[in-house]
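> Here is a sequence together with a model predicted from it:
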Amino acid sequence: MRDVPPAAIEGTRICSRALVSLGLMAFACTSAIAEQVPLPARPPDLAAPAPDTTPSQPNADDNDALRAQVLAIRHVIGEALPPITDKGGCGIEAPLRLDAIMLADGAKVTLSPPVVMRASLASAVADWVRDDLAPAVAKGDQLASIEGTGGYQCRSRDSIAGAKLSEHAIGNALDLHALRTEQGKLFVIAPSKDDSDDVRSFRALMKKTACVRFSTVLGPGADLYHQEHLHIDLAVRRNGMHLCQWTWQDAEAPAPAKR
Ligand SMILES: [Zn+2]
């Protein structure tokens, strides 16, 4: 799971393919598809210098006290972990393992698998899920899990040697592939021409709300690394700019008729 592209820039790019995502089995198989279908070259007007994507410095307030507050008050279900200190500046002073998020009615949305992150991110993710995503699920059903998740990982951006440190390396980023409801409905991040209106509208809500709550949102259409999953983080940038790159226009277009 990767994150900020080397030349990420605000704007839209068209995904060149439509994935058939009938469920988790489908998106588990789409990596192979991605290998076979080249994406279009970045348009010349998007080959501009990258915006400032200086990685966050660990927040001094993201300490034991904040973590205790988050675990006690914010309906974040998880466990405090010992400090993580890895080579190259990787680590989290007061990490937690986010297992689930408790909704307003007491129902739990589990993370599958549980994710190690810093407390401020866990709090932001919990707020997003509780206040924006869960209420958008149809009545009679409810959000049950966030699947294909990833968090802390000591590595550079997009795992490119010599690149800046990833937000994952300081526990400030979350990756996810799909959301599942109690009744088994899947909201898969990877777009498909077969997506129902429900899935498309839910995806649109996810994008709209994530791009407000998180400073970086990278999904399908952003670059080669995010064709199958969504990356969100709380990177701090000098100009306060948000990166919001997630498109699925091609998947929404009608498929060419075959006669
Ligand atoms: Zn990521």
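Received it, and whenever you're ready, just let me know what you need.
> What average pLDDT does the lengthiest strand in the chain get?
For the chain, the strand with the greatest residue count under DSSP state E is strand 108-118. Across strand 108-118, pLDDT averages out at 97.
> quick one: contacts of that strand?
Strand 108-118 is contacted from outside by 58-59, 62, 77-78, 81, 84, 92-103, 125, 129, 134, 143-152, 170-174, using C-beta atoms under 8 Å, 6 or more residues apart in numbering. No exception for glycine: its C-beta is placed from N, CA and C like everyone else's.
> ok, Cys154 to Gly91 distance?
8 Å (C-beta to C-beta, to the nearest Å).
> now Thr181
Thr181 sits 35 Å away from Gly91, going by C-beta to C-beta.
> And for Ser156?
According to C-beta to C-beta, Ser156 stands 15 Å off from Gly91.
> tell me, how many neighbours does the closest residue to Asp132 other than its chain neighbours end up with?
Closest residue to Asp132 apart from its sequence neighbours, by C-beta to C-beta, 6 or more residues apart in numbering: Thr209 at 4.0 Å. Residues near Thr209, counting by other C-beta atoms under 10 Å, number 17.
> ok, back up a step: select from the contacts of strand 108-118 every entry located in strands.
Among the contacts of strand 108-118, the members falling in strands (DSSP E) are 77-78, 84, 92, 95-102, 143-147, 173-174.
> For the stretch 151-259 of the chain, which residues score under the pLDDT cut-off?
Within the stretch 151-259 of the chain, the segments meeting pLDDT under 70 span 249-259.
> where do the strands sit along it?
173-176, 178-181, 186-188, 216-218, 230-233, 243-245 (DSSP state E, counting those that start in this stretch).
> could those go into JSON lines alongside distance to Gln69?
As requested, the strands of the stretch 151-259 of the chain are arranged in JSON lines below (distance: least, C-beta to C-beta, whole Å):
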{"stretch": "strand 173-176", "distance to Gln69": "20"}
{"stretch": "strand 178-181", "distance to Gln69": "26"}
{"stretch": "strand 186-188", "distance to Gln69": "30"}
{"stretch": "strand 216-218", "distance to Gln69": "24"}
{"stretch": "strand 230-233", "distance to Gln69": "21"}
{"stretch": "strand 243-245", "distance to Gln69": "28"}
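> CSV please, covering these and showing distance to Ala161 and mean neighbour count.
As requested, those are exported to CSV (distance: least, C-beta to C-beta, whole Å; neighbours: other C-beta atoms under 10 Å):
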stretch, distance to Ala161, mean neighbour count
strand 173-176, 19, 26
strand 178-181, 30, 22
strand 186-188, 31, 22
strand 216-218, 20, 25
strand 230-233, 20, 27
strand 243-245, 23, 22
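> Dump these into CSV; add distance to the ion as well.
Compiled in CSV, those are given as follows (distance: least, C-beta to the ion, whole Å):
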stretch, distance to the ion
strand 173-176, 4
strand 178-181, 15
strand 186-188, 17
strand 216-218, 7
strand 230-233, 3
strand 243-245, 12
